[in-house]
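Trainee: how would this look folded up:
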Amino acid sequence: QLVESGGGLVQPGESLTLSCAVSGVSVDRYAMGWFRQAPGKGREEVSCIRTSSVDGRSRYLEAEKGRLTVSRDKAKNTLNLRIDTQKPEDTAVYYCATWPSYDCDGSPDYWGQGTQVTVSP
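Mentor: Now for the predicted structure:
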């Protein structure tokens, strides 16, 4: 089970960290990542991180590189996403997801319910 948290209303320029609580499996068992869906738009991948057994490397949405940091907290069994310098265009529902493999090839096969992030003055 994947349960996202940390969303809410934030001011432009602020930072925000989203968390995905993972239950039933280790957070490092499969590749995991984040997607978002803005109003009226399709779902897009924000980040994906490989398992430590591969190399633990991550990839990010090209347009947002430098503002995003994805990480695993193995002690808490959570996947986190930090978004710096929030912009109104970051307003979206953010979803946590797992891939059916150790790397980020193909598509995720399991999703959380999402958490709403709204960036507004």
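
Trainee: where's the residue nearest to residue 76 when sequence neighbours are not counted, which helix or strand?
Mentor: Nearest non-adjacent residue to residue 76, counting by C-beta to C-beta, 6 or more residues apart in numbering: residue 21, 7.7 Å away. The C-beta positions use only the backbone N, C-alpha and C, and glycine is treated the same way. In the assignment (DSSP states H and E), residue 21 maps to strand 16-22.

Trainee: show the backbone phi and psi for residue 90.
Mentor: With angles defined as degrees, to the nearest 10, residue 90 sits at phi -80, psi -10.

Trainee: in contact with the nearest residue to it once chain neighbours are set aside, which residues?
Mentor: Spatial nearest neighbour of residue 90, chain neighbours left out: residue 119 (5.0 Å); criterion: C-beta to C-beta, 6+ apart. Shown in contact with residue 119 (C-beta atoms under 8 Å, 6 or more residues apart in numbering): 9-12, 86-91.

Trainee: do you know the pLDDT at residue 119?
Mentor: Looking at residue 119, its pLDDT stands at 97.

Trainee: check the gap between it and residue 45 for me.
Mentor: 19 Å (C-beta to C-beta, to the nearest Å).

Trainee: can you tell me the centre-most residue of the protein?
Mentor: Centroid-nearest residue in the chain: residue 34, 2.7 Å away (criterion: C-alpha atoms, centre = their mean).

Trainee: element containing it?
Mentor: Residue-wise, residue 34 maps onto strand 32-37 under DSSP H and E.
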